[in-house]
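>>> sequence below, structure please.
(one chain, ligands or ions: 1)
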Amino acid sequence: MEIVDCLIIGSGPAGYTAAIYAARANMNPVMYRGMQPGGQLTTTNDVENFPGYPEGITGPELMLQLEQQAKRFAADIRDGWVTKVDFSGPTHKIWINHGEKEIHAKSVIICTGASAKYLGLPSEQHYLKIGGGVSACAVCDGFFYKNQEVVIVGAGDSACEEAHYLSKLCKKVTMLVRKDEFRASKIMAERVQQTENIEILFNTETIEVLGDNQLVSAIKVKNKVTGMHTEIPATGFFVAIGHQPNTDLFAAYLDLDETGYIINQPGSGKTNVAGVFVGGDAADHQYRQAITAAGSGCMAALDAERYLATF
Ligand code: NDP
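All right, here's what the predicted structure looks like:
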């Protein structure tokens with residue numbers, strides 16, 4: 001069992017920013033990087049809206065820089081993921097890798113982010129599990145479908161961004177929008193509408209992912225207005241329908257909203273449990289940007305610093 005002043009769970013922009021602030025404040029932060037070291041940005045290509053990079057930067061590069069910055073101040077960054085917590089006492093207990101290690105932390109900063117959502121169709125899950133052509137990350141997997149035909153489902157900014165990315169690699173991209181309109185911002189929606197090899201099917205829902213049991217070959221869809229079923233030939237099926245916060249682990253102790261986001265006290269990183277703080281997408285269903293995650297990671301670390309001063 002190890003006792004630490006400040007434990008940071010998660011390694012996206014929120015986690016690393018919290019680590020930089022906590023390390024510079026002599027809080028000796030220990031970070032567990034989790035299942036996806038670097039977080040969602042490691043699956044993003046160009047980041048053009050993170051201030052300080054006039055020419056843009058790739059997501060993985062940005063995360064590497066944040067990690068180096070945290071290490072410069074001696075943040076203790078470790079591989080491993082938190083599998084259980086107990087926030088019932090004055091010192092918070094955290095178990096790593098199913099009990100391999102037990103940590104008692106005076107303060108905890110949760111930066112576990114969010115994960116991609118899937119439709120939940122059995123055929124989608126089948127091809128996802130076997131790596132047969134279902135993906136939630138065009139930037140990670142688009143390359144495998146070079147000069148092929150793919151289908152993407154979703155109508156938000158992510159779906160538009162990913163459809164546009166895929167259009168540069170693939171022969172044809174068919175976009176399935178379940179309503180008669182986009183949810184995406186006007187500029188993003190217009191970009192896909194103006195791209196020649198993107199076909200947008202409104203009022204269309206996915207019925208089944210078809211294939212030979214090994215590889216995807218088509219997507220069966222239904223037009224919700226006409227009721228007509230169609231099969232769209234495709235070797236790749238991309239799902240871009242939003243994200244789910246990674247907060248299940250904390251549900252027994254922390255107040256969560258109806259979709260699972262941690263409820264923080266307005267304008268702070270404080271949760272309902274003293275000494276437990278949150279930054280990033282785990283508590284943010286509204287902005288979900290790298291820069292807002294970094295900002296809230298900073299707030300959580302400053303709140304933890306003030307808390308430790310009274311511990
Ligand atoms: P959103 O929650 O904004 O959009 C999810 C989309 O998926 C909606 O269009 C929704 O449809 C659709 N959807 C949900 N469930 C289903 C389903 N079962 N079947 C079919 N379609 C479904 O998520 P995003 O990931 O797109 O964006 C998250 C946040 O990140 C937003 O705030 C966005 O602005 C931001 N973002 C910004 C970017 C940028 O500015 N560069 C890039 C990417 C994201 P419906 O509309 O019918 O509800």
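
>>> enumerate the residues of the stretch 1-150 of the chain near the ligand.
Proximity of the stretch 1-150 of the chain to the ligand (CB under 6 Å from any ligand atom) is limited to residues Leu119. For every residue, glycine as well, the C-beta is placed using N, CA and C.

>>> name the SS class of the residue of the stretch 1-150 of the chain found nearest the ligand, please.
Relative to the ligand, the nearest point of the stretch 1-150 of the chain is Leu119 (5.1 Å; CB to the nearest ligand atom). Under the three-state scheme (DSSP: H, G, I helix; E, B strand; the rest coil), the conformation of Leu119 reads as coil.

>>> any idea how far Gly275 is from it?
Separation of Leu119 from Gly275 (CB to CB, to the nearest Å): 39 Å.

>>> what do you get for Gln265?
In terms of CB to CB, Gln265 sits 13 Å off from Gly275.

>>> neighbour count: those two, which is higher?
Gly275 (22 against 13; other CB atoms under 10 Å).

>>> excluding its backbone neighbours, what's nearest the residue of the stretch 51-200 of the chain found nearest the ligand?
Evaluated by CB to the nearest ligand atom, the stretch 51-200 of the chain has Gly156 as its residue closest to the ligand, separated by 2.4 Å. Closest residue in space to Gly156, ignoring its immediate chain neighbours: Arg183 at 4.7 Å, by CB to CB, 6 or more residues apart in numbering.

>>> phi first, then psi, for that neighbour.
phi -90, psi -20 (degrees, to the nearest 10).

>>> mind listing what it touches?
155-157 (CB atoms under 8 Å, 6 or more residues apart in numbering).

>>> out of everything not next to it in sequence, what's closest to Leu210?
Nearest one to Leu210, counting by CB to CB, 6+ apart, is Ala218 at 4.4 Å.

>>> so which helix or strand takes in the one you found?
Element membership for Ala218 (DSSP states H and E) is strand 216-223.

>>> state the mean pLDDT of that strand.
Per-residue pLDDT over strand 216-223 has a mean of 98.

>>> what does it contact?
By CB under 8 Å, 6+ apart, the list of residues contacting strand 216-223 reads 127, 132-134, 151, 174, 176, 201, 203-211, 228-237.

>>> now with 6 Å?
Residues from elsewhere that reach strand 216-223, judged by CB atoms under 6 Å, 6 or more residues apart in numbering: 127, 132-133, 151, 203-211, 229-235, 237.

>>> okay, now the unreliable bits of the protein?
43-45 (pLDDT under 70).

>>> residues making contact with the longest helix anywhere in it?
Across the chain, the longest stretch assigned as helix under DSSP state H is helix 290-309. Here helix 290-309 makes contact (CB under 6 Å, 6+ apart) with 5-6, 13-14, 17-18, 21-22, 25, 41, 50, 107, 109, 111, 268-270, 275, 277, 279-281.

>>> many thanks, we can stop here.
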